[in-house]
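# predicted coordinates and the sequence they were generated for:
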Amino acid sequence: MNMVDLYYYALLAIGCSITMAVLICGCSSAGPAPEDRIIRTIPPTEASTLIEENVQRPEFVIIDVRRPDEFAGGHIPGAINIDSALFSEQIGGLDPDGTYVIYCQRGARSAGIRELMREAGFREVYEVEGGISAWKAVGLPVVAE
């Protein structure tokens, strides 16, 4: 065995050691692995079905991230209001292991909140595609205060 072969095997051993360390640390970290998480955008009809199937579960929460005046003007039945401008202050009070449906008017604000929740390690977050505008457009129910 010459010096080039020894150098090659040493690099191979170091590379394998690094790969194993990454795999071991990645598999033992707290919280769900990324593949165990569901963070996605769904059409309003799918969101409606999800809500109907889960509305009785206490860990299932519908969050309207619009301003309070927008929320009062009409929202998905059972939704709570957490203004997107204040969401980062309120996120600590939410259970990362819960299941959430989030929406805004058309999807811009909720997209940012979806990513904030992803970064915070939430397990299951569904964003209503097109927001409450799309929800209303397909004739799904809205309640006003």
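Everything's here; your move.
# just give the nearest non-adjacent residue to Val143, would you?
Nearest residue to Val143, sequence neighbours excluded (CB to CB, 6 or more residues apart in numbering): Pro77, at 5.0 Å. C-beta coordinates here come from the backbone N, C-alpha and C atoms, glycine included.
# contacting residues for the one you found?
Under the criterion of CB atoms under 8 Å, 6 or more residues apart in numbering, the contact list for Pro77 reads Pro141, Val142, Val143.
# rerun at 10 Å
Contact analysis of Pro77 by CB atoms under 10 Å, 6 or more residues apart in numbering lists Ile51, Val55, Ile62, Leu140, Pro141, Val142, Val143.
# let's verify the fifth one: helix, strand, or coil?
Put plainly, it is Pro141. coil (DSSP: H, G, I helix; E, B strand; the rest coil).
# do you know the pLDDT at it?
pLDDT, Pro141: 97.
# so among the contacts of Pro77, which ones count as buried?
Buried members of the contacts of Pro77, scored by 16 or more other CB atoms under 10 Å, are Ile51, Ile62, Leu140.
# those residues into CSV, with extra columns for distance to Ser88?
Shown next, in CSV, are the buried ones among the contacts of Pro77 (distance: CB to CB, whole Å):
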residue, distance to Ser88
Ile51, 25
Ile62, 19
Leu140, 29
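# what sits closest to Ala79 if chain neighbours are left out?
Ile62 (4.1 Å).
# and that neighbour, that one's in a strand?
Yes - Ile62 forms part of a strand when assessed by three-state DSSP.
# which residues of the chain score low on pLDDT?
1-35 (pLDDT under 70).
# which segments of it make up each domain?
For the chain, automatic domain parsing gives the domain ranges 1-30, 34-137.
# return the most buried member of the ones you listed.
Between those, domain 34-137 has the highest mean count of neighbours, a mean of 17, where neighbours are mean count of other CB atoms under 10 Å.
# so how far is that domain off the chain centroid?
Using CA atoms, centre = their mean, to the nearest Å, the mean C-alpha position of domain 34-137 is found 8 Å from that of the whole chain.
# wait, Ile102 sits on Val61?
Yes - at 8.9 Å, Ile102 counts as touching Val61 under the criterion of CB atoms under 10 Å.
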